[in-house]
Every structure is written in structure tokens, then in C-alpha cells.
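Colleague: Sharing a sequence plus its predicted fold:
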Amino acid sequence: MIRIALVFAAFIAPLAPAQRAVDAVTFVQAFRAGTADQFKNRVIAGTGVNFHGAINERIADGTTRPSLVITIGADREGSAPAVLKAWDDFVNAERQRTTLVVALSGTDLPVPPNGAGPQTYEFSGIYDGQVRTVIRVPQALNGVKQDPGPCKGEHALDGVQGSFYCAPLLVNATATIKP
């Protein structure tokens, strides 16, 4: 009886509709509202700009690899998020504390070329509940309100001055630099 059920399930499973990726803007807005757990273990996908450059993350075996923080827009109350492509718009959104960002962790993320300025990325990754502390750009330190500080359970590195906030981390992430 169990074998029949397994054989039946093997034939039916491919017919089930694949779960669509969650739009990154929807996800980050839910994260900011404290309701991101509804998207746990789901693929999150979107497009955004890397204004932070590559960041070295330390992985479990003690080595490091590049990680990215992608800005997918700026929250605007009552309307769709603003797309940010220019550095000045990004700094203004950072000062206003409205940037919508995700952190990406993956084995082969493309590093922005040196001196190329902000790069647009198409990305996807899985939200498994992890978070990453992000530092604001220095030009936005005196924003309209205080930042909440590092993610729960994390702390700023010794000697690093700045303003910190928490962003969702997408694991097994992939990204492509868009022309």
C-alpha cells in the first residue's frame, strides 16, 4: 500500500504547479513590517542596485567570499517604492531611512568592477530567516531618525563607527550584473 502511494505521488508531483518566486519589494516591505516569516524557505527574486560594493563574509570553514547588499528601492508612503539608480538618490533615501535592501550570500556572486560605480543586479535567493547587519553610508549618518542598530544577536565590529540596521539575508543567492 505504501509503495502504491509513493508511485502515485511520484507521478503526480511533477504536475503540481511550481511555487513562484516572491517579489523582492513585497518581501522587504514585509521584513520591515515584521511579517517576513510568511516567506520563510521561499525564493525571493528581484532587481536592484549595489551601492555598497562587495563585502567579504566569513563562512563556516573560516574562509571568506564576496557578499552583496542590493538596494531594491526606497519606500514611499502611500505609493509604489521609488527606484534608485543615482548615488545622490540613494544617499537621500539612506538619510530618510527608507532604503529597501536585501543581503545576498552565495557561492559565486559577481563582484562589481572597480571604479564602475553602482551596478544593477538581477538576483534571487532563499530566505531562511537569517539576517545581516548593514552599515549606512557615511553621508547618511545624521538621518531623520536613529537606526535600530545591529541585528539581534550581532554587534558592530570593534573600532567601526557608523549607523547600523538589519536586513534580510538571502542564501544560495545568484545574481547577474545587468548592462
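Modeller: On my side now, so go ahead. Residues are numbered from 1 along each chain as shown.
Colleague: For this protein, give the strand that spans the most residues.
Modeller: strand 119-135 (DSSP state E).
Colleague: got the buried residues for that strand?
Modeller: Within strand 119-135, the residues scored as buried using 16 or more other C-beta atoms under 10 Å are 119, 121, 123, 124, 125, 126, 127, 131, 132, 133, 134, 135. Heads up, the C-betas are built off the backbone N, CA and C, glycines and all.
Colleague: Let me see the contact set for the first one.
Modeller: Residue 119 is in contact with 49, 50, 112, 113, 177, 178, counting by C-beta atoms under 8 Å, 6 or more residues apart in numbering.
Colleague: Which residue is the nearest non-sequential neighbour of it?
Modeller: Nearest residue to residue 119, sequence neighbours excluded (C-beta to C-beta, 6 or more residues apart in numbering): residue 112, at 4.4 Å.
Colleague: Measure how buried the one you found is and give me the count.
Modeller: By the criterion of other C-beta atoms under 10 Å, residue 112 has 19 neighbours.
Colleague: Can you give me the pLDDT of the spatially most central residue of the chain?
Modeller: When C-alpha atoms, centre = their mean is applied to the chain, the residue found nearest the centroid is residue 102 (1.4 Å). Looking at residue 102, its pLDDT is 97.
Colleague: following the longest strand of the chain, which helix or strand comes up?
Modeller: Tracing the chain past strand 119-135, the next element assigned as helix or strand by DSSP states H and E is strand 164-178.
Colleague: Quick check: residue 66 touching residue 54?
Modeller: Yes: contact criterion C-beta atoms under 8 Å: residue 66 and residue 54 qualify, at 4.3 Å.
Colleague: circling back to that earlier point, can you pull up the bridge partners for the residue nearest to the centre of the chain?
Modeller: residue 70 (DSSP bridges).
Colleague: Distance of residue 161 relative to residue 138?
Modeller: Distance, residue 161 to residue 138, by C-beta to C-beta, to the nearest Å: 9 Å.
Colleague: Also residue 91?
Modeller: Relative to residue 138, residue 91 is positioned 10 Å away (C-beta to C-beta).
Colleague: Same drill for these two, tell me which one is more crowded.
Modeller: Regarding residue 91 and residue 138, a neighbour count based on other C-beta under 10 Å identifies residue 91 as having more, with 18 against 11.
Colleague: in this structure, which ranges drop under the pLDDT threshold?
Modeller: 1-18 (pLDDT under 70).
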